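Undergrad: Build the 3D model from these lines:
(chains A, B and C)
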Amino acid sequence: MDFTFSKEHQLFRQTVHEFAEQEIKPLAQKVDKDESLATETIRKLGDAGLLGVPFPQKYGGAGLGETGYCILMEEIGRVCTSTATLIGAHVGIGTLAIYMGGTEAQKMRYMPDLCTGRKIASFCLTEPGAGSDAAAIRTSAIRDGHNYIITGSKIYITNGPIASTFSVMAMTDPALGARGGATAFIVEKGTPGLSVGKIEHKMGIRGSATSEIVFDEVCVPTENVIGQVGAGFVTFMQTLDSGRLGLGAASLGGIRTALEYMAQYAAGRQQFGKPIGEKQSIQWMIAETAADLDLLYSLVYRTAWMVDTGQAYSREAAACKLFGSTAASRAIDRALQVHGALGYSRDFPLERMWRDARIGEIFEGTNEVQHYVIAEEVLKPYGVRVRP
Amino acid sequence: MDFSLTPEQQMFRNMFRDFAAKEVAKVADQADKQEALPPKLLKRAAAQGFLGAVAPEEPYGGAGLDTISYTLLLQALAGECASTALTIHVHNSLALRTILRQGSPALKEALVPEMVTGERLGAFALTEAGAGSDPTRLRTVAAQVDGGWTISGAKTWVSNGGLAEVYIVFALTDPPAGARGMTAFAVPAETPGLTVGGRQKTLGLRGANITRLYLEDCRVPAENLLGAPGQGYRIALETLDFGRIGVSAIAVGGAEHALEVAARYASERVQFGAPIAQKQAIQAYLADAATQLAAAECLMRRAAWLVYQGKPVTREAAMAKLFCSRMAADVTDQAVQIHGGIGFMQDYPVERYYRDARALELVEGTTQIQQVIIAEDMLAGYGIKVKP
Amino acid sequence: MRIVVCVKQVYDPATVRISRSREEFDLRGATRITNPADRYALEAGLRLRDGDALGGEVIAVTVGDAQADDTAHEAIAMGADHAMLVSGRELAAASGRTVTRALAAAVERLAPVDLVLTGYIGAVNGTGGLAGRLAAALGWPVVLDALQLAPAADGLEALVSYAGEGRLVSLSGPAVVSVRPGPERPRYAHAARIANAWQPGLVETCSPADLGLEGDLLIGDTEAGGLVLGAERTRGQVIGGGVEDAAGAVLEVLRSQRLI
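TA: Numbers count the residues shown, from 1 in each chain, chains lettered A, B, ... in the order given. Alright, predicted model coming up:
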């Protein structure tokens, strides 16, 4: 069993690490304060080939696979969750929906611009009445000659305000229910009737743009159906299955940073005549965090390997997201506690990390949904139906 | 064993809840976003007697609340706004009460009436940059001069800093003696040489004023000495013992409200064809939270009752603070999770409760310090002297 | 233009410790990286090539042991067209003269070469002498500390940092130029280039013998005599007292150390 990364992945990690330290980290506090990521940063990500990492080079991607994508998300996640979220939504689900469900022509047409960052993608699934219950969507797509007319609205869409390419799930045949009745479409910015609605102000990942997207009789040709009519639900669920692994990797980055902060502070802060790192309660927090880190690291990269070698990975990816998000929240919470009042202060990055981490247990399938996914996998061979 | 509130306490509770619902609820969100309590709020609280909660009716015109009723007050206020509750708690529990118990008759006559009416808000200045969990390492010094004392030093994390008109300041009058050389003083805000430093911006409790404090040769008359020289450490510990009960009440009040809101949301939010309150996982969350909350409330009330009985309370107050603060962090976290994506949006109050609760494991002695205090008390009986 | 860029693999200074007791470098746990200054040289070469209307070529050359192979591939990932690694055990801790001879031999082997670029100094224990020695070995002119390079009518123009000023130097014909880091960072290796950097045929590996370097030609001219350690950092001084007294004391300290 060889656990070493390939030379390519090692160099990639080194490069992304440097990029993150030099280009992303210095701006992280400002991004949180201003509630936006600079277009300059997005351009730099694109120029370095970081917006299409897992996709084959023939579509404009870097061809570094899921392992490369996880390395990217880990290194970016170490310094700025808002940036990791932008990438996660753009690459991990927005573009991925086209890659997983689209025809060759659609991939060749849309992916190159997305991989270079010339255009940004977003994934439009959630609605006010359809959160964890994604099948309950109401946005409709009615066939009209050679086109579909899409009407409805989506909420909590990451990259909504900055995206040019929207992967949208809508009901083409409500009578069939989501499985068979939902279709995925590509809708491009500028199409009449498509608009950005309410912009959300969030507790954390404030640099990640989140908004409502409104479809007011948006007309798209049938060519914009991603793959087949009626295949939307399956495409979108498969996309989410895969995308959530990237989030696990971003959590891994967060835990690494939390551990570094804890260790540094434990060594430097003196109370009761010695460094607080000599106190068992601090040592315990550090040990638990380090153990979680090692667990998640193995889980994330083993799952990435499974993806890259064509194996089934749905359960493991869900475990990465479930475990990763809670472990990150815990690690950052411990780091905050170790730093005492300084950890609670807005002059220090930990409180931002704490606010940012909280969304991990909620988006891209709440941790409750992850429980279903895993339980379903385990119980299927025993004939037990897991119904949410 | 009678667990019920007396008719008078029930009446107080209703009155406090009314006030909170009428006056505090409407300003809570704004207080957080603008990082200030509206001045009218404290005036109205003063008019109700809340700023003289711990002062006896004779001769100061205070509300003279028994300890249980006092916790009911803080609990009710915290249910709507933790920043409001904290401000009133610090004034009463840490400043006013200390002057009442330790001040000379002349000092009390000079300060207490104004504190009771709210004209003079109190603050507590113990912590310094190098003295957090270990308060014995103060650098603020006080030297005896003709007719009084001069105090010089710098304090951090002073709650009610900037708003306060009187500061309880701890300084070393005999530096070589360490903790035994610590003395407490009441320093009016108008004392020349006293400067309020920068506002310390925080993750939560943003409506509370927390600042640095600088003292440069501040002259206070002899009558402003609290207790006697060298008694400062003992006074600090005793004050914090009582203060922990207040913090526990704030924890319980906030968590209680968050849980109510979450239960209501779970009953109304329909996904997968039924309210999510019908899901076992949600029921488990609610049940666990409610149980933790009930246990916390009992611990908090028991500590308050012990004070009321004139009994020592160090261990019980620490246990209450330890348990209640952790419970509040857990319950508000669950409340966010039950809300899903909405729980992360600043449009909804639940994320504020989550951020506010996080402070409680840090203020007035971290969780780790509470553990030390409890262990110390337990192990003394076994012949072990716990060294922090 | 055919441009050769010399890139060296060095120990990452952040991971190198000094053992005071043994008076030597402690390299346990030290990792190796491409010399940071050389990346600026590579960037300069890539820009010249990219701006060359007639097309151009950048070839990275590195001298070292087998592990230096990573540096050669990194240069490809950053944008070099191909690379040459002169490798052999005898080159592991080679002295300046040996390395210079190896590089000169590589340049000659790669002829015709229009320009050779080097970084201005090697990390950890560099002396900044490579460009001069290499130019002497090749019999070419040398320009040190170039901040910028641009094509000119009959060759190149270099903006050189000289006595605190910038000076323009014209070059017509092959030269060795050492590159000084400017305000802009070298480009990041593009992710797709990283994925392709280990494809066969991009890095040519040769031994010193392949380049005609054997026996006496490999003998070094210098030998490390040991480490002379600087004064150990002592504890800082805490200056107390009131603001005015403390300010006065701090000024005294700064004056006594000739910092102001």
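Undergrad: count of neighbours near residue 176?
TA: Defaulting to chain A. 13 (other CB atoms under 10 Å in any protein chain shown). In this view, the C-beta of every residue, glycine as well, is placed from N, C-alpha and C.
Undergrad: look at chain C instead
TA: 27.
Undergrad: so where does it fall, helix or strand?
TA: Using DSSP states H and E, C:V176 sits within strand C:175-179.
Undergrad: Can you list the helices and strands that that strand packs against?
TA: helix C:36-51, strand C:115-119, helix C:130-138, strand C:142-152 (3 or more CB pairs under 8 Å, 6 or more residues apart in numbering or on different chains; DSSP states H and E).
Undergrad: switch to 10 Å and redo it
TA: strand C:2-6, helix C:36-51, helix C:96-109, strand C:115-119, helix C:130-138, strand C:142-152, strand C:155-162, strand C:165-171 (3 or more CB pairs under 10 Å, 6 or more residues apart in numbering or on different chains; DSSP states H and E).
Undergrad: export those to CSV and tack on mean pLDDT, distance to chain B and mean neighbour count?
TA: Shown next, in CSV, are the helices and strands packed on strand C:175-179 (pLDDT from 0 to 100; distance: least, CB to the nearest CB, whole Å; neighbours: other CB atoms under 10 Å in any protein chain shown):
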stretch, mean pLDDT, distance to chain B, mean neighbour count
strand C:2-6, 97, 49, 24
helix C:36-51, 96, 37, 22
helix C:96-109, 93, 51, 21
strand C:115-119, 97, 43, 28
helix C:130-138, 95, 49, 20
strand C:142-152, 92, 42, 18
strand C:155-162, 90, 42, 18
strand C:165-171, 91, 43, 13
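Undergrad: residues contacting whichever residue of chain C sits closest to chain A?
TA: Proximity of chain C to chain A (CB to the nearest CB) peaks at C:A191, 3.4 Å away. Residues counted as contacts of C:A191 (CB atoms under 10 Å, 6 or more residues apart in numbering or on different chains) are A:8, A:11-12, A:15-16, A:48-54, A:57, A:61-64, A:68, A:72, A:115, C:77.
Undergrad: run the last query once more with 6 Å
TA: By CB atoms under 6 Å, 6 or more residues apart in numbering or on different chains, the contact set of C:A191 is A:G49, A:L50, A:V53, A:A62.
Undergrad: Look at the third one and tell me its secondary structure.
TA: Taking DSSP: H, G, I helix; E, B strand; the rest coil as the rule, one finds A:V53 in the coil state.
Undergrad: I figured it hits A:T67, correct?
TA: No: with contacts counted by CB atoms under 6 Å, A:V53 stays clear of A:T67, the gap being 9.6 Å.
Undergrad: Compare neighbour counts for these two and give me the winner.
TA: Taking other CB under 10 Å, A:V53 and A:T67 do not tie; A:V53 has more neighbours (31 against 24).
Undergrad: JSON lines for the helices and strands packed on strand C:175-179, including distance to B:G230?
TA: Formatted as JSON lines, the helices and strands packed on strand C:175-179 follow (distance: least, CB to CB, whole Å):
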{"stretch": "strand C:2-6", "distance to B:G230": "72"}
{"stretch": "helix C:36-51", "distance to B:G230": "59"}
{"stretch": "helix C:96-109", "distance to B:G230": "70"}
{"stretch": "strand C:115-119", "distance to B:G230": "65"}
{"stretch": "helix C:130-138", "distance to B:G230": "70"}
{"stretch": "strand C:142-152", "distance to B:G230": "67"}
{"stretch": "strand C:155-162", "distance to B:G230": "65"}
{"stretch": "strand C:165-171", "distance to B:G230": "67"}
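Undergrad: With distance to chain A added, can I get these in CSV?
TA: Supplementary listing: these in CSV, determined by distance: least, CB to the nearest CB, whole Å:
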stretch, distance to chain A
strand C:2-6, 18
helix C:36-51, 10
helix C:96-109, 23
strand C:115-119, 17
helix C:130-138, 24
strand C:142-152, 20
strand C:155-162, 23
strand C:165-171, 26
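Undergrad: closest to A:R315 out of the ones you listed?
TA: Nearest to A:R315 among the helices and strands packed on strand C:175-179 is helix C:36-51; the distance by CB to CB comes to 42.9 Å.
Undergrad: right, and the helix or strand after that closest one?
TA: strand C:57-64.
Undergrad: which other helices and strands contact that following strand?
TA: On a contact count with 3 or more CB pairs under 6 Å, 6 or more residues apart in numbering or on different chains; DSSP states H and E, strand C:57-64 meets strand C:2-6, helix C:36-51, helix C:69-78, strand C:82-87, helix C:96-109.
Undergrad: Mind checking the pLDDT average for the third one?
TA: It stands for helix C:69-78. The average of the pLDDT scores along helix C:69-78 is 97.
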